[in-house]
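Student: A structural model of the following input is requested.
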Amino acid sequence: MRKEQNALSISKFQQPWLSLVGLTEAGWQGLAADAKQAVEQASLLVGSARQLGLIPEISGQQRLQWSSPLQDGIDEVLQHSTEMVCVLASGDPFWFGIGATLSRQLPASAMRCFPGPSAFSLAAARQSWPLQDCLCLSVVARDVDRLRSVLAPGQKLLVLSEDGSSPSVVAKTLCAVGYGASLISAWQRLGGSEESRYSAVANQWGDVQVDALNTLAIECIRDHSDNILPKLAGRNESLFVHDGQISKREVRAAIIAYLAPQGAEVLWDLGSGSGAIAVEWLLADNRNTAYSVEQKESRCHNIKENARRFGVSSSLHCFHAANMDVLADLPQPDAIFIGGGISAPGLLACCWAALADNGRCVASAVSVEGEAALYAARERYGGELTRIGVERSEALGRFTGWQTLRTVTVWHAQKIVDSKSLNSKGEH
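Tutor: Predicted coordinates:
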């Protein structure tokens, strides 16, 4: 059925009717001949006020300025599918541009693209940075705190700004996480006659405003702060906001290993506590998504703050509710962690039924009743049981002794697909 639908979509648009043309600050003069032809042949030209202002008037051509919300403008564009339409974009339309949005609503056969040099390419060239060594990001209509998750000593970042105040906001974010020594260059109006640069160290940027059309080049340099955000699971509890309800770092590292994040996957974190498991899951791959469920409102506040601290707020969805009250409304999970409420009637059965094929389920307990539920889970669904005991050194007068932490029992299992049953279903 899916193949037939794709074939119908393609046949409807046998010839491209929509052209995407990438502009730089050089405007009309900076376009190649084929891009100019695409603009001239269009009966409808679409873009922002600034972009349309860069193109000379063409007799008989209708112009459409993007409206807000953007989808209203896209809907109007789609109504012109029997005409030749040209949509103007900045630089490369498919790099944080309108091309990505349109491609979710149109087949590739409906469009042709004439990309210009992206702001990333231009900024990298000005910096003499190999583009393949840079991490390219955008804070346009996105949370600046997401930068926290990608910072590393020596990392080179290229960042599309929201407006002229973005560099100042970014600089303050860098200072908050121990990267105040980073060098920031704000490249303004790249590729045009008014191109300029303003550079300063993050901790000296202050409230300086630059041109609204700017791209940041950031060389990440750590200052002498001890506020280090490690890259691997098992991050120190002190980095999280919590009320004591948090898995210890040694145990958390093992749980993340059992959850086995692979990328572009969904996690249910039930009885989330501080949200540390969800945060570590999201930091494993920036395409992952996590849904935290927690009954205590104060802990929900902690979960959201931890998501902000680690730059994963946009991917962590927190629900203030009992586990069983919201599971039916969540997207299918690829992995589930049950950190609280494992002995609740029906919870594990509901989770296992919802889990995707080849998904992983992990649960932990510290009580006798919780352990009993884990033993029952192994009997019913298979998997393995592990007991994790941790001892940490601490001062004992003038000496050093060992403090034993509460032992944690962990059950983990994978929902294996029966290939025989799959084949039998296929035959029908």
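
Student: neighbouring contacts of stretch 42-54?
Tutor: 19, 23, 27-28, 39, 55, 58, 60-66, 73, 77, 80, 83-90 (Cβ atoms under 8 Å, 6 or more residues apart in numbering). For glycine as for every other residue, the C-beta is placed from the backbone atoms N, C-alpha and C.

Student: with just CA atoms, put stretch 202-212 into CSV.
Tutor: What follows is stretch 202-212 as a C-alpha-only set of coordinates in CSV (Å, rounded to 0.1, in the frame of the first residue of the first chain):
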residue,chain,number,x,y,z
ALA,A,202,32.4,35.2,25.9
ASN,A,203,33.0,36.6,29.4
GLN,A,204,33.7,40.0,27.9
TRP,A,205,30.8,40.2,25.4
GLY,A,206,28.3,41.8,27.8
ASP,A,207,25.1,43.1,26.2
VAL,A,208,26.6,44.1,22.9
GLN,A,209,24.1,44.0,20.0
VAL,A,210,25.0,43.3,16.4
ASP,A,211,23.2,43.3,13.1
ALA,A,212,20.1,41.1,13.2
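
Student: give me the buried positions along that stretch.
Tutor: Ala202, Trp205, Val210, Asp211 (16 or more other Cβ atoms under 10 Å).

Student: distance of Ile246 from Arg387?
Tutor: 19 Å (Cβ to Cβ, to the nearest Å).

Student: which one of those two has more residues nearby?
Tutor: Ile246 (21 against 9; other Cβ atoms under 10 Å).

Student: so who does the residue nearest to that one when sequence neighbours are not counted touch?
Tutor: Nearest non-adjacent residue to Ile246, counting by Cβ to Cβ, 6 or more residues apart in numbering: Ser274, 4.2 Å away. Counting by Cβ under 8 Å, 6+ apart, Ser274 touches Phe240, Val241, His242, Asp243, Gln245, Ile246, Arg299, Asn302, Ile303, Asn306.

Student: which ones among the residues you listed are found in helices?
Tutor: Arg299, Asn302, Ile303, Asn306 (DSSP state H).

Student: ok, these vs Gly164, which is closest?
Tutor: Asn306 (30.7 Å; Cβ to Cβ).

Student: next, the contact list for the closest one, please.
Tutor: Phe240, Val241, His242, Ser274, Gly275, Ala276, Val279.

Student: ok, the residue lying farthest from the centre of the chain to Arg197 distance?
Tutor: Residue farthest from the centre of the chain, counting by Cα atoms, centre = their mean, is Arg398 at 48.5 Å. As judged by Cβ to Cβ, Arg398 and Arg197 stand 58 Å apart.

Student: could you point out which element follows the helix or strand hosting Ala353?
Tutor: Using DSSP states H and E, Ala353 maps to helix 347-354. Along the chain past helix 347-354, the next helix or strand (assigned with DSSP H and E) turns out to be strand 360-365.

Student: right, and Pro16 touches Phe114 too?
Tutor: No. Here Pro16 does not reach Phe114: they are 11.3 Å apart, not a contact under Cβ atoms under 8 Å.

Student: shouldn't Asp269 be within a helix?
Tutor: No. Going by DSSP: H, G, I helix; E, B strand; the rest coil, the assignment for Asp269 is strand, not a helix.

Student: before we move on, the earlier item: which of the contacts of Ser274 count as buried?
Tutor: Phe240, Val241, His242, Gln245, Ile246, Arg299, Asn302, Ile303, Asn306.

Student: picking that back up, quick one: average pLDDT of the helix holding Ala353?
Tutor: Average pLDDT, helix 347-354: 96.

Student: same check, this time on stretch 323-340
Tutor: Averaged across stretch 323-340, the pLDDT comes to 96.

Student: report the distance from it to the chain centre.
Tutor: In terms of Cα atoms, centre = their mean, to the nearest Å, the centre of stretch 323-340 is found 20 Å from the chain centre.

Student: who touches that stretch?
Tutor: Contacts of stretch 323-340 (Cβ under 8 Å, 6+ apart): 247, 255, 259-262, 265-273, 277, 281, 289, 291, 293, 319, 341, 344, 346-348, 350-351, 354-356, 359-364.

Student: got a PyMOL select line for the buried ones in those residues?
Tutor: Selecting only the buried entries of the contacts of stretch 323-340 in PyMOL, with 16+ other Cβ under 10 Å as the criterion:
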select buried, resi 247+255+259+261+265+266+267+268+269+270+271+272+273+277+281+289+291+293+319+341+344+347+348+351+354+355+356+359+360+361+362+363+364
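
Student: lowest pLDDT pick from the buried ones among the contacts of Ser274?
Tutor: Gln245 (90).

Student: how much space between that residue and Ser298?
Tutor: Taking Cβ to Cβ, one finds Gln245 at 10 Å from Ser298.

Student: same question, Ala123
Tutor: From Ala123 to Ser298 the distance is 43 Å (Cβ to Cβ).
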